[in-house]
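**Q** Sharing a model that was predicted from the sequence below.
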Protein chains: 2
Amino acid sequence: MFGSEYLLIPGPTPVPERITRVMQQPMINHRGPAFHQMYAEIVEGVKKIYQTEKGKVVIYPSSGTGTMEAAIANFVCPSEKVLAVSIGAFGDRLAEIAAAFGADVEKMDFPWGEAADPEKIRERLKMDTKHEIKAILVTHNETSTGVYNDIEKISATRENHPALLIVDGVSSLAALELKMDAWNLDVVLSGSQKAFMLPPGLGLMAFSEKAYEAYQRNTNSRYYWDIGRSLKFQEKGETPSTPPVTIYFGLQEALKMLEEEGLENVIRRHAGYRDLIRGGVQAMGLENVAADACASPVVTTIRVPQGHTPAEIRNRMREDFNMVVSGGQGKLADTTFRIGHLGYMREMDLLSCIAALEMTLKRLGIPVELGAGVKKAQEILLAR
Amino acid sequence: MFGSEYLLIPGPTPVPERITRVMQQPMINHRGPAFHQMYAEIVEGVKKIYQTEKGKVVIYPSSGTGTMEAAIANFVCPSEKVLAVSIGAFGDRLAEIAAAFGADVEKMDFPWGEAADPEKIRERLKMDTKHEIKAILVTHNETSTGVYNDIEKISATRENHPALLIVDGVSSLAALELKMDAWNLDVVLSGSQKAFMLPPGLGLMAFSEKAYEAYQRNTNSRYYWDIGRSLKFQEKGETPSTPPVTIYFGLQEALKMLEEEGLENVIRRHAGYRDLIRGGVQAMGLENVAADACASPVVTTIRVPQGHTPAEIRNRMREDFNMVVSGGQGKLADTTFRIGHLGYMREMDLLSCIAALEMTLKRLGIPVELGAGVKKAQEILLAR
């Protein structure tokens, strides 16, 4: 297939040329003044994205999963009870990491394809009169099912319960509304390869004063993830171990781009991507896993028509039309595929993806009216 | 509008990342061994694209128009009669350059939107029993009207007439079939920013032994364009004046890419672009200027619906959908616009362009059925 691929997976996302270019700067000393200045600027910029003034930010040379481990290693003690709210594969992962660190994990599972019900969380916390639950673990955007949770409401269910709220915002930060201070969140995780439009390699974590107090009482073995070391180095504009400097160059530029566009517009843009893809997918007769009310702005999980496999659809899309989409995850692995619409996406590429999906269905003998999904997406675009 | 633009003009075309990357090599001495080796390799590679073994190739630091001037300055003497066959703005330009150099230009004009009729050329040459016509000037692909000429047939009309055939292949080389030796062509021009997928900056010219003999008798004042100087420097792997080395890096890579794909496949790919765009445009109710039989594989010229202007359509496409298309040229300037489908194009981007054009018509209040053009293009893609 001639030409480069269209990357429509829920991270890594395409990297804008503007960012690619700045990443080509010559390497600098990560213990020198140029890095000090860049680092300070980046920490301030990232705080704005987290919408926090009171919180602290640390940046790890890691994947998003690394920040999950960092959150547990710093803020959850072995044998402490945590309420792990899961709506999919990434909710399960956070629970697994907590268990691996010896926490007493109580899972609260919701059906895959639905959001967590804040009322159920509220009831559970009300029952916990002795405040045994020390932390609630929850995913903001569940990348496996294409569902997002209402973190503001979930946070409010705590009322006077002192549990920390630890939010996996890896695929949500800067794409969905997330207000760390206003919503009273304690720990929020993210990664560079999502709405920051960067290559993978950086894990981001913000935490509240209350979380920091929990850290000070924390007894876990840790070194790499230790926020105390990070904060100490941060005072002199450095990181404890060698940072991926190239991605820092990119992050500095990404923060400028997000600021120029305006965070609200960025969030609105992602909601627009969702509406376009979901509308197109429905109009061609396919079924979205997520209900409208909780459908993710960054990824759409689609059921594969009976008698077909995700691999058939994905291979055909890539081989015949250059469209790279993701497979299903966890228990949806064999029955769904996913279109990512996150970060540096162009609306017309999403429209192309819908057109390619229609042609793929046709080639696979799945009933579809060519152009129907595209027409719906066009109507959605024109109605703005 | 978020994201980078889609460049769908008939040159410059998008530049593949693979080429962009090699162009970032450190600068080299254009009088040193690394350049000598690259230059020799490039000349051999370009000859393959011209499908010539007997011809010579020179490369100018120039635009395509520069090569037109080079052709006249080297191969047409002042006061010599030339038959300038024109089917559009670029045919006119070649005639104007010949006139500017004092040639006795006889224009043979065909209606804009049609190809040249080889029989008319044959008749004219038959009448020229004294062989006063020293050269025939003809455009291979007329970028203004989106029409291509049958150069093989036109060349054959000469029979025993000794006139040189000078072909403007600026927008055709490596996109349309062109066989310099087999078709007995004397001079063929091209430029880097077309099917070579490079930035503008290089003009290419190939010429036959017979053309070289004409050069030796030629009395024009010239220096920059003098092929004798070029050939002399070529012996040592150099160019007479400073070459744009960066674009040479790119040309070396482009030649590899064209060879890997195979010239026949490249030509077939462009024909596919044409079918897709023309089909989509017709299905949405717009009129293509060129007839099917002579429709250009690299650019489609489309009539603007009555009561509207090319600027309205182009601005809306760029501002609302990131799609950059070209305006009309010459006498079609106020009534047409053009979609380029040349060089590094992805089929799905052409499909996006059709979708964007439909939405543009809708926004301008021009009757159109959303999705109709896209559907047609999808059917054309699927029928392959």
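**A** Great, that's in hand.
**Q** so what's the backbone phi/psi at the residue positioned nearest the centre of chain A?
**A** Geometric centre of chain A, nearest residue: residue A:171, 0.9 Å, by C-alpha atoms, centre = their mean. Torsion angles at residue A:171 (phi, psi; degrees, to the nearest 10) stand at phi -100, psi 10.
**Q** for it, what are its contacts?
**A** A:10-11, A:64, A:90, A:140-141, A:143, A:191, A:194-195, A:298-299, A:342 (C-beta atoms under 8 Å, 6 or more residues apart in numbering or on different chains). Where you see a C-beta, it was placed from the backbone N, CA and C, and this is true even at glycine.
**Q** And the pLDDT for it?
**A** Predicted confidence (pLDDT) for residue A:171: 97.
**Q** Pick out the most distant pair among the contacts of residue A:171.
**A** Using C-beta to C-beta, the pair of those lying farthest apart is A:90 and A:195, separated by 15.7 Å.
**Q** Compare these two (neighbour count), which wins?
**A** residue A:195 (31 against 24; other C-beta atoms under 10 Å in any protein chain shown).
**Q** Relative to chain B, how far out is that one?
**A** With distances taken as C-beta to the nearest C-beta, to the nearest Å, residue A:195 is found 13 Å from chain B.
**Q** can you check residue A:332 too?
**A** The spacing between residue A:332 and chain B, counted by C-beta to the nearest C-beta, is 27 Å.
**Q** Tell me, how many residues neighbour that residue?
**A** Residue A:332: 23 surrounding residues under other C-beta under 10 Å.
**Q** Pretty sure it sits against residue A:145.
**A** Yes: with contacts counted by C-beta atoms under 8 Å, residue A:332 reaches residue A:145, the gap being 6.8 Å.
**Q** what sits in contact with each of the two?
**A** Overlap of the contact sets of residue A:332 and residue A:145 (by C-beta under 8 Å, 6+ apart) consists of A:112, A:289, A:301.
**Q** any idea which of those is the one closest to chain B?
**A** For the shared contacts of residue A:332 and residue A:145, the residue nearest chain B by C-beta to the nearest C-beta is residue A:301; the value is 22.3 Å.
**Q** need the contact list for that closest one.
**A** Contacts for residue A:301 (C-beta under 8 Å, 6+ apart) come out as A:113, A:144-146, A:288-290, A:328, A:332, A:336-338.
**Q** Just put those residues in a markdown table and tack on secondary structure and pLDDT.
**A** Listed next are the contacts of residue A:301 as a markdown table, based on DSSP: H, G, I helix; E, B strand; the rest coil; pLDDT from 0 to 100:
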| residue | secondary structure | pLDDT |
| --- | --- | --- |
| A:113 | coil | 97 |
| A:144 | coil | 98 |
| A:145 | coil | 98 |
| A:146 | coil | 98 |
| A:288 | strand | 97 |
| A:289 | coil | 97 |
| A:290 | coil | 98 |
| A:328 | coil | 97 |
| A:332 | helix | 97 |
| A:336 | strand | 98 |
| A:337 | strand | 98 |
| A:338 | strand | 98 |
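**Q** Let's see if you can find the most crowded of these.
**A** Result: residue A:145 is most packed of these (other C-beta under 10 Å), 33 neighbours.
**Q** Now it. Nearest residue, chain neighbours left out?
**A** Among residues not flanking residue A:145 along the chain, residue A:88 sits closest, at 4.3 Å (C-beta to C-beta, 6 or more residues apart in numbering or on different chains).
**Q** So the one you found sits against residue A:139, correct?
**A** Yes: judged on C-beta under 8 Å, residue A:88 makes contact with residue A:139 at a distance of 7.0 Å.
**Q** Looking at these two, which one has more neighbours?
**A** Neighbours per residue (other C-beta under 10 Å) separate residue A:88 from residue A:139, with residue A:139 holding more: 33 against 27.
**Q** Contacts only, for that one.
**A** Residue A:139 sits in contact with A:85-88, A:90-91, A:94, A:149, A:167-168, where contact means C-beta under 8 Å, 6+ apart.
**Q** What separation is there between the closest residue to residue A:91 other than its chain neighbours and chain B?
**A** Among residues not flanking residue A:91 along the chain, residue A:139 sits closest, at 4.6 Å (C-beta to C-beta, 6+ apart). Between residue A:139 and chain B the computed distance is 27 Å (C-beta to the nearest C-beta).
**Q** Show me what residue A:139 bridges to in the sheet.
**A** With DSSP bridges as the criterion, residue A:139 is bridged to residue A:168.
**Q** list the contacts for residue A:98?
**A** Neighbours of residue A:98 in contact, by C-beta under 8 Å, 6+ apart: A:72, A:76, A:82, A:84, A:105, A:137.
**Q** same check, this time on residue A:246
**A** Contact partners of residue A:246, counting by C-beta under 8 Å, 6+ apart, are A:23, A:27.
**Q** quick one, helices of chain A?
**A** Assigned by DSSP state H, the helices in chain A fall at A:17-22, A:33-50, A:64-75, A:89-100, A:118-127, A:151-156, A:209-217, A:227-235, A:245-261, A:263-283, A:310-321, A:347-363, A:372-382.
**Q** Neighbours of residue A:131, how many?
**A** Neighbours of residue A:131 using other C-beta under 10 Å come to 12.
**Q** got the residues of the stretch 151-300 of chain A near chain B?
**A** Applying C-beta under 8 Å from any C-beta of the partner chain, we find that the stretch 151-300 of chain A lies next to chain B at A:261, A:269.
**Q** ok, the residue lying closest to residue A:25 once chain neighbours are set aside to residue B:23 distance?
**A** Leaving out its chain neighbours, the residue that sits closest to residue A:25 by C-beta to C-beta, 6+ apart is residue A:249, at 5.4 Å. Computed as C-beta to C-beta, to the nearest Å, the residue A:249 to residue B:23 distance reads 21 Å.
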